[in-house]
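Student: when you get a sec, could you give me coordinates for this:
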Amino acid sequence: MNRIVRPVSGNLLRRLALASIISNVAIVVTGGAVRLTASGLGCPTWPRCTDDSYVTTPEMGVYGVIEFSNRMLTFAVGLIALATLLAVLLYRPRRPGLLPLAVAVFLGIPAQAVVGGITVLTNLNPWVVGLHFLASMAVIAAAYALWRRIGDPDGPTVAAVPAPLRTLARITTGVTVAVLVIGTWVTGSGPHAGDHGAARNGLDPETISQLHADGVFLLIGLSVALIFAFRAVGARRATRAAIILLAVELGQGVIGFVQYFTHVPAILVGAHMLGSCLVLLAALAVQWSTRERRPAEAPSPWAAAPAAEAEAVPVTA
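Tutor: As a prediction, this is how the structure comes out:
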C-alpha cells in the first residue's frame with residue numbers, strides 16, 4: 001500500500017505560525033528600542049539609509065546601527081511570514097480559511113514597513129508613529145488568528161457560550177483596541193519622540209493619560225465581569241482565558257502607573273510596549289474561547305436557548 005507523504009506537516013505549519021506571532025511581537029519591542037534610544041532618524045531617509053547608501057555608514061554612529069538593525073529585522077519577519085505562506089500552500093489536504101490569513105500576514109509586513117518609512121520621511125510625526133505601532137498590532141492579530149485556525153478542526157463553528165456573553169467578549173475586545181489607540185496618543189504627547197528634534201502631538205499629557213487610565217479601568221471591569229459570567233455558565237476554557245486576560249491587564253496597569261509616576265523611564269516604556277502586545281493576544285484568546293470548531297456536525301450546547309438567542313448561535317470563523 002502506498003503511503004501518502006505530506007510535503008508539510010501540521011506541526012511544522014503551527015510552529016511557523018507561532019514563530020510569526022513571536023517575530024512580530026519582537027519587532028514591536030525593537031521598534032520601541034529605536035524610539036527610546038532616540039535612534040528614530042538614525043537612518044534619516046527611506047527606503048535608503050542615506051541619500052547615497054542603503055546601509056548605515058560609520059559617520060552615523062550607534063544611532064544609525066540601531067535604526068538599520070531594526071530595518072533588517074523586518075526582512076527576517078517577512079521571511080518567516082513567507083515560509084508560513086508557502087507551508088500553507090504546500091499543506092495537503094488544503095484547509096479552508098488558512099490561505100487568506102497567511103496572505104494577510106505576509107502582505108502586512110511590507111505594509112507595516114511602508115508606514116515605518118513614512119514615519120521617517122515625516123520626521124517622526126507622532127500620529128504616523130502611532131499608526132506604525134497599530135499596523136504591527138493588526139499583523140499580530142492576523143498571525144494569531146492563523147495560528148489558532150491551524151489548531152482548529154475543519155468542522156462547523158459553534159458557540160461555546162450564550163449570545164449575550166459573546167457580545168460582552170466582543171465589547172471587551174473593542175475596548176482593548178480603544179485602549180491601545182489612546183495609548184499611542186499618550187506616547188505621542190510624552191518625552192520619548194524617537195529623536196531629540198521630533199515634534200509631539202500637542203495633547204496635554206496629564207489629560208490624555210487620565211483618559212487612557214479610564215479606559216484601562218473599564219477594560220479591567222469588563223474582564224472581571226467575563227470571568228464571573230463564564231463561570232456561571234460552566235465555560236471553563238473561556239473562564240481560563242478571561243483570568244489570563246485580567247492578569248495581563250493588571251501587570252500592564254502596574255507598569256503603566258509606575259512609569260507615569262517615575263517620569264516615564266525608557267526601560268518601563270519598552271516593557272509597556274511588550275505588555276500591549278500581550279494584552280491584545282490575551283483579548284483575542286478570550287474572543288476565540290467563545291466559539292469552537294468541531295470535527296463533525298454537532299449541536300451547540302446553547303442550541304435549545306430561547307429563540308432570540310438561538311438565532312444568534314451560529315458564528316463565523
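
Student: name the residues of the helix or strand encompassing Val279 that come out as buried.
Tutor: Here Val279 sits within helix 266-289, counting by DSSP states H and E. Judged by neighbour count using 16 or more other Cβ atoms under 10 Å, the buried positions of helix 266-289 are 266, 268-289. The way it works is simple: take the backbone N, C-alpha and C, and place the C-beta from them, glycine included.

Student: just checking, what packs against the helix or strand just after it?
Tutor: Going down the chain from helix 266-289, the next helix or strand is strand 291-293, by DSSP H and E. Strand 291-293 sits against strand 157-159, with contacts defined as 3 or more Cβ pairs under 8 Å, 6 or more residues apart in numbering; DSSP states H and E.

Student: chain center to the strand it packs on, what's the gap?
Tutor: Relative to the centre of its chain, strand 157-159 is centred 24 Å away, using Cα atoms, centre = their mean, to the nearest Å.

Student: also stretch 67-79?
Tutor: Its chain's average C-alpha position is 18 Å from that of stretch 67-79, according to Cα atoms, centre = their mean.

Student: pLDDT below threshold where in the stretch 1-150 of the chain?
Tutor: Low-confidence segments of the stretch 1-150 of the chain, defined by pLDDT under 70: 1-6.

Student: if we use 80, what do you get?
Tutor: By pLDDT under 80, the weakly predicted segments of the stretch 1-150 of the chain are 1-8, 35-41, 57-60, 63.

Student: again, but for the stretch 201-317 of the chain
Tutor: For the stretch 201-317 of the chain (pLDDT under 80), the answer is 201, 260, 264, 266, 294-317.

Student: just the helices in it please.
Tutor: 205-232, 236-261, 266-289, 307-310 (DSSP state H, counting those that start in this stretch).

Student: name the residues of stretch 53-73 that are buried.
Tutor: 56, 60, 63-64, 66-68, 70-71.

Student: quick check, nearest of these to Pro156?
Tutor: Using Cβ to Cβ, Asn70 comes nearest to Pro156 of those, at 43.1 Å.

Student: quick one, the helix or strand harbouring Thr187 and helix 236-261 angle?
Tutor: Under the criterion of DSSP H and E, Thr187 resides in helix 163-189. Angle of helix 163-189 versus helix 236-261, following axes from the mean of the first three to the mean of the last three Cα atoms, to 10 degrees, is 20 degrees.

Student: quick one: helix 163-189 to chain centroid distance?
Tutor: On Cα atoms, centre = their mean, the centre of helix 163-189 falls 12 Å from that of its chain.

Student: and the angle for that helix with helix 205-232?
Tutor: Inter-element angle recorded for helix 163-189 and helix 205-232: 160 degrees (by the same axes, to 10 degrees).

Student: and helix 163-189, what does it pack onto?
Tutor: Counting by 3+ Cβ pairs under 8 Å, 6+ apart, the packing neighbours recorded for helix 163-189 are helix 126-151, helix 205-232, helix 236-261, helix 266-289, helix 307-310.

Student: next, the angle helix 266-289 makes with the first one.
Tutor: Looking back up the chat, that one is helix 126-151. Using the same axes, to 10 degrees, the inter-axis angle of helix 126-151 relative to helix 266-289 is 40 degrees.

Student: could you say what helices and strands helix 126-151 packs with?
Tutor: Applying 3+ Cβ pairs under 8 Å, 6+ apart, one finds that helix 126-151 contacts helix 10-36, helix 98-121, helix 163-189, helix 266-289.

Student: and if we set it to 10 Å?
Tutor: Packed against helix 126-151 by the contact rule (3 or more Cβ pairs under 10 Å, 6 or more residues apart in numbering; DSSP states H and E) you find helix 10-36, helix 61-90, helix 98-121, helix 163-189, helix 266-289, strand 291-293.

Student: tell me how many other residues crowd Leu131.
Tutor: 18 (other Cβ atoms under 10 Å).

Student: just checking, it touches Leu124?
Tutor: No: contact criterion Cβ atoms under 10 Å: Leu131 and Leu124 do not qualify, at 12.0 Å.

Student: now Thr37: how far from Pro205?
Tutor: From Thr37 over to Pro205 the distance is 21 Å, taken as Cβ to Cβ, to the nearest Å.

Student: also Ile66?
Tutor: 26 Å.

Student: quick one on the thing from earlier: will you turn the helices and strands packed on helix 163-189 into a markdown table that also has distance to Thr172?
Tutor: A markdown table is the format used below for the helices and strands packed on helix 163-189 (distance: least, Cβ to Cβ, whole Å):
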| stretch | distance to Thr172 |
| --- | --- |
| helix 126-151 | 15 |
| helix 205-232 | 4 |
| helix 236-261 | 8 |
| helix 266-289 | 6 |
| helix 307-310 | 19 |
